[in-house]
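Asker: Turn this into a structure:
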Amino acid sequence: MKIYHNQLINTLKQGIKPVWLVFGDEPWQKNDSLAQIKGHAQQQGFCELIRFSGDDKFDWQQILDEYQSLSLFANQRIIEIELTSNKIGDKGSKAMLSLSENLHPDIILIIHGARLDTASSNKKWFKTLTNKGCYLPLYDLEGKSLQHWLQAHAKQLSLTLDDAVFPLLTELFAGNVLALEQELQKLAILYGTNPISLDNAQELVINQAKFNPFQLIDALLSGDLNKVIRILDQQQQEGVAVTQLIWFVHKEIKQLLAMQELLAQQVSQHDIFKQYRIWDKRKPCYQHALNNISPSHIRTALVRLAEVDLISKTSSEFNPFILLADVCISLYHDNTQQLSLAYEYH
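Answerer: Predicted coordinates for the structure are as follows:
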């Protein structure tokens, strides 16, 4: 079965599963999920924990031997496997299928790793274990989901936050829920149940937002240009190579142009999203972009992007992050179409 993080508590109450698959890149949810699963299992008598770290070069026979052996210390065990690579090879796939065929009520199997791509989640071993256990895909907490998380945790800590504090915290800690949790704990220690005003919060909190290129693309497709600029600024401060971001933007808007051309041929959005394997979670972003970005804007942006790429590799007189922000803005605003593309002379 497949569930989401906010369903985990109720799922555990219904009974411990023999297999738990936890995959995603959001660290707070991953840490919390693993802690809840192991904590609940330990309450049920699964007191011995054995950990493995596996990839395509791992000796998978070790896990099979451990799974089949009898423990001297406890009858009930937890075997935790962290996949450092989701590409586990043929030997890993065969080992996982072997485990799925020999599940034991006195052993709980926990497998976790980074976010899965479609090909990995469609592997036979993964589908088989999902059907016999529970799969938790973990997605970034953003927008309303982050707001709900913040409100729930502030309530758990008995914090009394002014309404204006919530948008401040969600902006400053976007993409960094671990740091946000620590900040809430700090506020609870300092203020207890006393009201916390916007001025109080601004004096204490530090901007610890952490973004990645995928969030840059989603913000761009959604038309949130203020967030695009914030992400580019943060990526520059962290020393991210601008060429990496240029590659992401180029790939995405070139794909968007191909989608626009299919729409012009009367192909439905549903069929386009199926062809390009767009996840349900990202469909609203693409719908917004297809409805608000014209093919002519995309073509102009592609030309601008090529120039930014060249400038980033040949000149130190211009900030390529600012020029990349200009490219992103040009997708949505007509007036940039009249500006010269010769950045080096302006």
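Asker: dump the residue contacts of the residue nearest to I293 when sequence neighbours are not counted.
Answerer: Nearest residue to I293, sequence neighbours excluded (C-beta to C-beta, 6 or more residues apart in numbering): L331, at 5.1 Å. Glycine gets a C-beta too; all of them are placed from N, C-alpha and C. If you count contacts by C-beta atoms under 8 Å, 6 or more residues apart in numbering, L331 has them with 220, 253, 293, 297-298, 301.
Asker: what's the closest of those to T243?
Answerer: I253 (15.9 Å; C-beta to C-beta).
Asker: Which element is encountered next along the chain beyond the helix or strand encompassing that closest one?
Answerer: If you go by DSSP states H and E, I253 is part of helix 242-264. Proceeding N to C from helix 242-264, the next assigned helix or strand is helix 269-275, under DSSP H and E.
Asker: May I have that following helix exported as PDB, CA atoms only?
Answerer: Provided in PDB are the C-alpha atoms of helix 269-275 (Å, rounded to 0.1, in the frame of the first residue of the first chain):
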ATOM      1  CA  GLN A 269      -3.000  18.500 -22.200                       C
ATOM      2  CA  HIS A 270      -3.800  15.100 -20.700                       C
ATOM      3  CA  ASP A 271      -2.000  13.300 -23.500                       C
ATOM      4  CA  ILE A 272       0.900  15.800 -23.400                       C
ATOM      5  CA  PHE A 273       1.400  15.200 -19.700                       C
ATOM      6  CA  LYS A 274       1.200  11.500 -20.300                       C
ATOM      7  CA  GLN A 275       3.800  11.700 -23.100                       C
END
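Asker: Let me see the mean pLDDT of that helix.
Answerer: What helix 269-275 shows for mean pLDDT is 91.
Asker: one step back: now for the helix holding I253, which elements pack on it?
Answerer: The elements that helix 242-264 packs onto, with contact taken as 3 or more C-beta pairs under 8 Å, 6 or more residues apart in numbering; DSSP states H and E, are helix 213-222, helix 225-237, helix 269-275, helix 283-292, helix 295-314, helix 320-330.
Asker: Only the buried residues of the third one, if you could.
Answerer: Meaning helix 269-275. Applying a neighbour-count criterion of 16 or more other C-beta atoms under 10 Å, one finds 269, 272-273 buried in helix 269-275.
Asker: In JSON lines: those, plus distance to I16.
Answerer: What follows is the buried residues of helix 269-275, written out as JSON lines (distance: C-beta to C-beta, whole Å):
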{"residue": "Q269", "distance to I16": "42"}
{"residue": "I272", "distance to I16": "42"}
{"residue": "F273", "distance to I16": "37"}
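Asker: for those residues, which one is nearest L49?
Answerer: Looking at those and their distance to L49, the nearest is F273, at 42.0 Å (C-beta to C-beta).
Asker: Name the nearest residue to the closest one, ignoring sequence neighbours.
Answerer: Ranked by C-beta to C-beta, 6+ apart and with sequence neighbours excluded, the top spatial neighbour of F273 is K283, at 5.9 Å.
Asker: The one you found contacts I272, correct?
Answerer: No. Applying C-beta atoms under 8 Å as the test, K283 and I272 come out as separate, 10.3 Å apart.
Asker: about what we covered before: neighbours around the residue nearest to F273, how many?
Answerer: Residue neighbour count, defined by other C-beta atoms under 10 Å, stands at 13 for K283.
Asker: closest to L187 out of the helices and strands packed on helix 242-264?
Answerer: Using C-beta to C-beta as the measure, helix 225-237 is the one of those that comes nearest L187, at 22.9 Å.
Asker: ok, residues contacting the closest one?
Answerer: Helix 225-237 is contacted by residues 174, 209-211, 213, 215-216, 219-220, 242, 245, 319, 321, 324-325, 328-329, 332 when judged by C-beta under 8 Å, 6+ apart.
Asker: Restrict these to the buried ones and give me that as a PyMOL selection.
Answerer: Buried residues within those, by 16+ other C-beta under 10 Å, are selected in PyMOL with:
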select buried, resi 174+209+210+211+213+215+216+219+220+242+245+321+324+325+328+329+332
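Asker: Please, which helix or strand holds the most centrally placed residue in the chain?
Answerer: Centroid-nearest residue in the chain, with C-alpha atoms, centre = their mean: D140, separated by 4.0 Å. Using DSSP H and E, D140 maps to neither a helix nor a strand.
Asker: try the one 10 residues further on
Answerer: L150 belongs to helix 143-156 when assigned by DSSP H and E.
Asker: what ranges of this structure fall below the confidence cut-off?
Answerer: Applying pLDDT under 70 to the chain picks out residues 56, 70-74, 315-316, 334-346.
Asker: domain ranges for it?
Answerer: Domain assignment for the chain by automatic domain parsing gives 5-138, 143-204, 213-345.
Asker: any idea how far the residue nearest to F273 is from A209?
Answerer: Going from K283 to A209 by C-beta to C-beta, to the nearest Å gives 25 Å.
Asker: now do R304
Answerer: According to C-beta to C-beta, R304 stands 27 Å off from A209.
Asker: what angle separates the helix holding I253 from helix 213-222?
Answerer: Calculated by axes from the mean of the first three to the mean of the last three C-alpha atoms, to 10 degrees, helix 242-264 forms an angle of 40 degrees with helix 213-222.
Asker: Can you give the distance of stretch 312-326 from its chain's centre?
Answerer: Distance of stretch 312-326 from its chain centroid, counting by C-alpha atoms, centre = their mean, to the nearest Å, is 28 Å.
Asker: can you pull the alpha-carbon coordinates of that stretch into PDB?
Answerer: The C-alpha trace of stretch 312-326 is given here as PDB (Å, rounded to 0.1, in the frame of the first residue of the first chain):
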ATOM      1  CA  SER A 312      29.100  32.900 -17.700                       C
ATOM      2  CA  LYS A 313      32.000  31.000 -19.300                       C
ATOM      3  CA  THR A 314      33.900  33.900 -20.900                       C
ATOM      4  CA  SER A 315      33.400  37.100 -18.900                       C
ATOM      5  CA  SER A 316      33.700  38.100 -15.300                       C
ATOM      6  CA  GLU A 317      32.200  41.600 -15.700                       C
ATOM      7  CA  PHE A 318      28.600  40.500 -15.400                       C
ATOM      8  CA  ASN A 319      26.700  38.600 -12.800                       C
ATOM      9  CA  PRO A 320      25.300  35.600 -14.600                       C
ATOM     10  CA  PHE A 321      22.700  35.000 -11.900                       C
ATOM     11  CA  ILE A 322      21.200  38.400 -12.500                       C
ATOM     12  CA  LEU A 323      21.100  37.700 -16.200                       C
ATOM     13  CA  LEU A 324      19.500  34.300 -15.600                       C
ATOM     14  CA  ALA A 325      16.800  36.100 -13.500                       C
ATOM     15  CA  ASP A 326      16.300  38.400 -16.500                       C
END
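Asker: Right, I'll call it a day here.
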